[in-house]
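J.: Sequence and predicted structure below; questions after.
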Amino acid sequence: MDFADAPEEAEFRQRLRAWVAENDPGLPPSSTDDAYWAGQAAWHQSLYDAGFFGLSWPEAVGGQGRPSVYDAIVDEELAAAGAPPRPGLGYLVHGILEHGDDDIQRRFLPGLVSGRERWCQGFSEPDAGSDLASLRTRADRDGDDYVITGHKVWTSYSDDADWCIVLARTDHEVAKHKGISAFAIAMDQPGIEQRPLKMINGITKEFGEVLFDGARVPAANMVGAPGEGWALAMTIVSHEREPGELGYVARYRKLVKELTARVRDEPARFGDEPRRDLAWAIVEADMLRHHVARRLSDRLDGITHGPEGSVDKLLMTWTEQSVGHAALAVGGTAPGSDPTWLAVYLYSRAQSVMGGTSQIQRNLVATRILGLPVS
Amino acid sequence: MDVRLSAEQQALRDSVAQVVERLGPTTVGRLDDRERTAKLDAAVDASGWRELRTADDHAAPWATGVDVAIVAEGLARGVADVAFVGPTLAADLRRAIGADPAVARETIALHHDLGALGADVAVDAAGAAQALAARDDAVVTRPVGSPHAEVDLTRPSAALHDDSTAVGILAADELTRWNALGLALTCADLVGTMQGAVDVTCAYAKERRQYGAAIGSFQAVQHLLADALVLTEGSRSITLHAAWAADALPPGEALAAAASAKAYCARAARTVCETAIQVHGGIGNTWEHLAHVFLRRALLSTEMFGGVGPSLERVLAHHGIGAA
């Protein structure tokens, strides 16, 4: 039981610290400004090229095969330097590693891991949100291809994506969970229309609608077997709920650090209430960091795709929303205030919805961890 | 970095659970069973858990902060009415001073608000003959009166007699580190209390039926219990770090880590224990039901070494933004 670095980890940390000091691109806080996403691809590639991303994934797909606790070191150092967090796409990697065959893994994972190819995730639909299995997008076989028709929504970064992992119904005769398959579809084609959606904090890069109207995907791009789409979706969302996979510890600690500096610089401006909100944000961010260290350590025994991600998602959500409240209290809303902090606060409201609402997470914790009866 | 419990730590956790399973109170009525409490105390005595923080040949503790946190959590999970945190902190204090181990059973004395080492009240005083107390800059022993349960029905406190014997002087850094261990151990007690409350309440929600169904099948109840479990897990993670930090980090950082954990755990524990009472309905509001025993234990652990307010102040001070 040791939170401290082993010698090899300490060496890695020193190397990373020196590299970040020279290579921080100085992007605005994540999800507060469209400039963030515009610079994120270059940040991803530079982090990867320097050997600081994809650490725990297999070497065969572009990773380094290191223990997953190295990701905790990356989070700590990025936050300490005030650099952007690492790209949060591990959930897609785990989904493809778990369900894709060797051919799929070889063709798609290296580009995803290195950041050379950008991905989005076509799961939710206007009439299939929390009840994802009722999705209606269809994939109809036509020769060596499938033809995709349907409407996806909340598809983050779809307008910049090269690829989309899309869930579509391939069998209309079986129970709704069993007729879904997953495909890796190229986004640059005539049968796909993008419609960006503006979020409540004003950013336009995160939310989007994607209309598939006769878009084509080779049958060889099916990820997993026919009907395996639901299982793949569950693997993906179980990791999409993990702050250790998303790198969000760095995101929250960076914000808390900046808010703390603000109060330290002008102590007379801040009374007991903003200080207390900030103290809770510090405490929550501490908790999440240690929780992630515990979860990533558990992976030294082997990775699982179980319901524990729902516990992590609720802890992450409470942390983000506590940081959001501190941003509101310290950043202020008076005319002339720095709009970044209001944007941080408003964006935090999405955390209890994205990746499965907090209500869905509580259902999963209650029934799959506590063993309470399904109603 | 590898924060998994070692095989020895897992074995320690399991043996604590076995003692609690065999000799813990399990009902409010059994709190008065003197034969059982004597057997529980004898079992803890035989285990040597209360001596884990005594000095080895190099004046270091025999066991880590994490080890004693594991014991504290396990005992609290079954609201075990046996002294542990007090005697453990007394042993650690003697070690830090460089004093010989106590000959008589010993606990610690705190300030009347329970926030720091003091000379007003001996806590966790079951079976104790004396308490380590503060006198100006010195640490002294003082005999204690007969213990009586107040807020916490499982860990009585006791008055201090006047006569005192000097034990030694505690350096500022050592006191800071000792406070960090005190906070971490009370956090571990809170984590155990929360887990025990969740265990008991989930079992009840699976059995109790209304409208022809187990109440645990209703989402309104499920969501309360889910939140309780999630708060318990977050508390466990931050407490593990605090318990590790008490030995491994410089004193100021150890104290800040412990204060952050204490703020988190204290707030969480009150919510979790209140949820336990709520889900039990009417029976949860009766003296005979164990639900209030968990809440009461949490209330004492919260105040020991500082609850939410003082802990948040410590966090702010550590970040250089304390009250002007």
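T.: Received, thanks.
J.: pLDDT on the host helix or strand of residue A:319, on average?
T.: Residue A:319 is part of helix A:308-331, with elements assigned from DSSP states H and E. Summarised as a single mean, pLDDT over helix A:308-331 is 97.
J.: quick one: buried residues of the host helix or strand of residue A:231?
T.: Element membership for residue A:231 (DSSP H and E) is helix A:229-240. For helix A:229-240, the neighbour count (16 or more other C-beta atoms under 10 Å in any protein chain shown) marks A:229-233, A:235-240 as buried. (C-beta placed from N, C-alpha, C; glycine too.)
J.: Off-centre distance for it?
T.: Taking C-alpha atoms, centre = their mean, to the nearest Å, one finds helix A:229-240 lying 13 Å from the centre of the chain it belongs to.
J.: Up against chain B, what does the stretch 51-200 of chain A have?
T.: For the stretch 51-200 of chain A, the residues in contact with chain B (C-beta under 8 Å from any C-beta of the partner chain) are A:69, A:72-73.
J.: need the contact list for residue A:352.
T.: Taking C-beta atoms under 8 Å, 6 or more residues apart in numbering or on different chains, we find residue A:352 in contact with A:317, A:321, A:358.
J.: meant to ask about residue B:303, not that
T.: B:113-115.
J.: and residue A:91, what is it in contact with?
T.: Residue A:91 touches A:236-240, A:242, A:245-246, counting by C-beta under 8 Å, 6+ apart.
J.: on that earlier part again, average model confidence for the very next helix or strand once past the helix holding residue A:231?
T.: Per DSSP H and E, the first helix or strand lying C-terminal to helix A:229-240 is helix A:243-246. If you average the pLDDT over helix A:243-246, you get 84.
J.: Kindly report the same for stretch A:202-215.
T.: On average, the pLDDT along stretch A:202-215 is 93.
J.: Chain B contacts on the stretch 201-350 of chain A?
T.: Within the stretch 201-350 of chain A, the positions adjacent to chain B are A:260, A:263-264, A:267-268, A:270, A:272, A:275-276, A:278-280, A:282-284, A:286-288, A:290-291, A:293-294, A:296-298, A:300-301, A:311, A:314-315, A:318 by C-beta under 8 Å from any C-beta.
J.: Just the buried ones from those?
T.: By 16+ other C-beta under 10 Å, these give A:260, A:263, A:270, A:275-276, A:278-280, A:282-284, A:286-288, A:290-291, A:293-294, A:296-298, A:311, A:314-315, A:318 as buried.
J.: ok so, going back, quick one: the helix holding residue A:231 to helix A:308-331, angle?
T.: Angle, helix A:229-240 to helix A:308-331, by axes from the mean of the first three to the mean of the last three C-alpha atoms, to 10 degrees: 40 degrees.
J.: Alpha carbons of helix A:229-240, in CSV - could you do that?
T.: Extracted in CSV, the C-alpha atoms of helix A:229-240 (Å, rounded to 0.1, in the frame of the first residue of the first chain):
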residue,chain,number,x,y,z
GLY,A,229,-23.5,-3.9,-30.2
TRP,A,230,-25.2,-3.7,-26.9
ALA,A,231,-22.4,-5.5,-25.1
LEU,A,232,-19.9,-3.2,-26.7
ALA,A,233,-21.9,-0.2,-25.7
MET,A,234,-22.0,-1.4,-22.1
THR,A,235,-18.2,-1.9,-22.1
ILE,A,236,-17.7,1.6,-23.5
VAL,A,237,-20.1,3.4,-21.1
SER,A,238,-18.7,1.5,-18.1
HIS,A,239,-15.3,3.2,-18.8
GLU,A,240,-16.8,6.4,-20.0
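J.: Out of the residues of the stretch 51-200 of chain A next to chain B, which end up buried?
T.: Neighbour-count burial (16+ other C-beta under 10 Å) applied to those gives A:69, A:72-73.
J.: and residue A:164, what helix or strand is that in?
T.: Going by DSSP H and E, residue A:164 is part of strand A:163-169.
J.: Equivalent analysis for residue B:274, please.
T.: Judged by DSSP H and E, residue B:274 forms part of helix B:251-284.
J.: for that helix, which positions count as buried?
T.: Judged by neighbour count using 16+ other C-beta under 10 Å, the buried positions of helix B:251-284 are B:251, B:254-270, B:272-277, B:279-280, B:284.
J.: Figure out how far it is from the centre of its chain.
T.: 11 Å.
J.: And for stretch A:235-247?
T.: The answer for stretch A:235-247 is 6 Å, by C-alpha atoms, centre = their mean.
J.: Alright, calling it a day.
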